[in-house]
Every structure is written in structure tokens, then in C-alpha cells.
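>>> got a sequence here, can you build the structure:
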Amino acid sequence: MPVKMIVLFAFFAALLGQVAQAAGLSEASVPRRGQLYKVTLDGKTSYLFGTIHVGKDGFYPLDAEASRALQNSRALVIELDIRENASFQKAMALHGRYPAGDKVQNHLQPQTLQKLAPALAKAGMSLQSVQQFKPWLIANLLVGVELDTRGFKRAQAVEYALLAAAQEQDKAVRQLESAEYQLGLFDTLDARQQEQYLVESLADLESGTAMKKSLALIEAWNAADIPGIQAAWRTATSGNSIGAEFMQRVLLGKRNPEMAANIERIMQQDQVAFVGVGLLHLIGDDGLPQLLKRRGYQVEQLY
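Numbering: from 1, shown residues only. Okay, here's the model as predicted:
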């Protein structure tokens, strides 16, 4: 699931500033990345910033506008506090693993297992090492490994830079969702859908399509390329594949209205908040900016 996983420590904000100065970068020369919106109503202000869930050297520091918006906010709001490993592991055991005595070989057709073995070998894994994982988790894991080999690390995700800055600035951190909720969404796929999801991911990895889609999104984010971001969103949500349908119906379609409602609650509490969410949640007629507009908020795209 290439684009979905672009649903561990970045530098602290002070260190980021030192790195920028050492490299001869002024505030003005740090490029914009992602998208940034200002949301206002009745004197209350919040910001929406589109993130990606991987990163690499050169992605930081954030540009002056995003940094200033974060500095001026009372709280950082993210999808999930990814520092809380215990809750993630608990959710993984509940939704991503088969119970003792069961294994993925019992849930896949022979032809799928034949395709899976070489993909795992290429990633440096054996079938035995992942046999307790459900098909959706194996699919996401394989795409994650491929991104990692290309230098895009979960350990350098944008969220870690935001969390580091929030810690440095002594800000409250709030979650829009939980690990149990997020992983539970994948577990709503039935056995047939999970296998098809894995088969599609294996085909995309073999053809190079998986990385083409992921890299297109990453590059568009890195350049704040609005047409490129919109094209990546269309690619992720178009077609009749299980992955595209799941992205459109669940990962965006179900979550966006819930996120919008949670953001509204935060703003009603008189919090000036910096909200960092996956970039694709900001795109389209049912993206967060449009949903908040329908709720009566003034939404200005800063870039």
C-alpha cells in the first residue's frame, strides 16, 4: 500500500536551527514543504499542516511560516503520538497478528504464497518470520522496507520533528486518533480483501509502481507542489483496486469527517493549535479544509 504508509527521532528544534545556520541557511531560504492552512472563527485560530509519515536528511528544518505557526500555537495536534510504543504494540497484537496456533499460510492461496516468498526474500525476510502477521500488515511492511532502502525512514517522519519542537517549546500534545483505531481500520478488511490487498501490493512492488506512487507523493510534499500533491491524491483514490477503494472509503472517507469534528472541538476549547495530519487528508472536496469551511470556518491556504 504505497501511498498509505506515507501514512525515530528528528532533531530538537534548537538543534535544527543550529544545523540550518551551520549550512548557511537563512529562514527565508528554507523551502516550503507540504501544505499549510490557517483556520479561523470568532477570534480563534488554528493551522493545518500536511505531513508525510517518512523522512530523510534535508527535510528539516521546517520553513519560516510553518515554524512560526507552530511557535504561536498553544498545542500540537497530530493523528497519533507515535512515541507511545506500548499502545501501538497492543493494537498490533489485536489487529495485525493471528492468535497463537494460526498463521498466514492458512489464509492465503498457494499462488499468493508463491508470489510472497521472493518478495520477502528481496526484503531480507523469511515467510516464517512474518507468518503470524495478517496479509494487510505484510503488504505495508514490504512497502515500508522498500522505502527504507531508498533512504526514506519512519524514524525521520515529519511527526517526529513536530513532536521534538513541541517538547522544546513545552507545548501540549494531543491525538486525533488512537493506535487501536488506526490499525483496527485495516482489520475491517475481510479475509478475501486482505489477500487481494497483499496481491495488489506484491504486483506494484514487482513492477515498480509502488515506489513510483510513493516517490511522487514524497517529491510533491518536499516541493509544496500543489498540482503534484493533487495528482498523487487522484492516483491513490482512483481505480477499482482494493487499495484505492479502501483509501477512498475508509482511510480518507471515514476519517476526514471525524478529524474535522475533533479539530472543531479543539478550537471550541479556545486552543490555538497546530494540527499536523497526513497530506492526503487535506486534498479534495471532502478534505479537511473543505469540511471545515462547511462547518462555518474561514480557511485560508497559506501555501
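>>> output the contacting helices and strands for the longest helix along the chain.
If each helix of the chain is counted by residues according to DSSP state H, the longest one is helix 191-207. Helices and strands touching helix 191-207, by 3 or more C-beta pairs under 8 Å, 6 or more residues apart in numbering; DSSP states H and E, are helix 110-122, helix 135-149, helix 209-222, helix 242-246. Heads up, the C-betas are built off the backbone N, CA and C, glycines and all.
>>> buried deepest among the ones you listed, which one?
helix 135-149 (a mean of 22; mean count of other C-beta atoms under 10 Å).
>>> what sits up against it?
Contact with helix 135-149 is made by 1-2, 4-6, 54, 92, 96-97, 104, 107-108, 116, 119-120, 123-125, 130, 133, 154, 186-187, 189, 194-195, 197-198, 200-202, 205, 210-211, 214, as judged by C-beta atoms under 8 Å, 6 or more residues apart in numbering.
>>> try it again at 6 Å.
With C-beta atoms under 6 Å, 6 or more residues apart in numbering as the test, helix 135-149 has contacts from 1-2, 5, 54, 96, 119, 123, 130, 186, 189, 194-195, 197-198, 201, 210.
>>> returning to what we had before: among the helices and strands packed on helix 191-207, which is nearest L70?
Each of the helices and strands packed on helix 191-207 has some distance to L70 by C-beta to C-beta; the shortest is helix 209-222, at 17.0 Å.
>>> re earlier: quick one: the longest helix of the chain to helix 110-122, angle?
Angle between the axes of helix 191-207 and helix 110-122 is 50 degrees (criterion: axes from the mean of the first three to the mean of the last three C-alpha atoms, to 10 degrees).
>>> can you list the buried residues in helix 191-207?
Across helix 191-207, burial judged by 16 or more other C-beta atoms under 10 Å covers Q193, Q194, E195, Q196, Y197, L198, V199, E200, S201, L202, D204, L205.
>>> same thing with stretch 269-288?
271, 273-284, 287-288.
>>> of those, which is the nearest to Y303?
L282 (11.7 Å).
>>> just checking, the closest one touches G34?
No - in this structure, L282 is not within contact of G34 by C-beta atoms under 6 Å, at 8.5 Å.
>>> grab the nearest non-local neighbour of Q132.
By the measure of C-beta to C-beta, 6 or more residues apart in numbering, the closest residue to Q132 outside its immediate chain neighbours is R97, 4.9 Å from it.
>>> now stretch 221-229: buried residues?
So stretch 221-229, judged by 16+ other C-beta under 10 Å, has buried residues W221, N222, A224, D225, G228, I229.
>>> same list, those residues, but as TSV with pLDDT and distance to D148 please.
TSV is the format used below for the buried residues of stretch 221-229 (pLDDT from 0 to 100; distance: C-beta to C-beta, whole Å):
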residue	pLDDT	distance to D148
W221	97	18
N222	95	17
A224	97	24
D225	98	24
G228	98	23
I229	98	23
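>>> between these, which sits nearest S73?
A224 (19.9 Å).
>>> before we move on, which element is the closest one in?
For A224, there is no helix or strand it lies in under DSSP states H and E.
>>> wait, it touches P31, no?
No - between A224 and P31 there is no contact under C-beta under 6 Å: 7.2 Å.
>>> what do the two both touch?
In contact with both A224 and P31: no residue, using C-beta under 6 Å, 6+ apart.
>>> rounded mean pLDDT for stretch 114-132, please.
Mean pLDDT, stretch 114-132: 97.
>>> that older thread, overlap of the contact sets of L282 and G34?
Counting by C-beta under 6 Å, 6+ apart, the common neighbours of L282 and G34 are G50.
>>> pull the number of nearby residues for R249.
Other residues near R249 come to 11 when the count uses other C-beta atoms under 10 Å.
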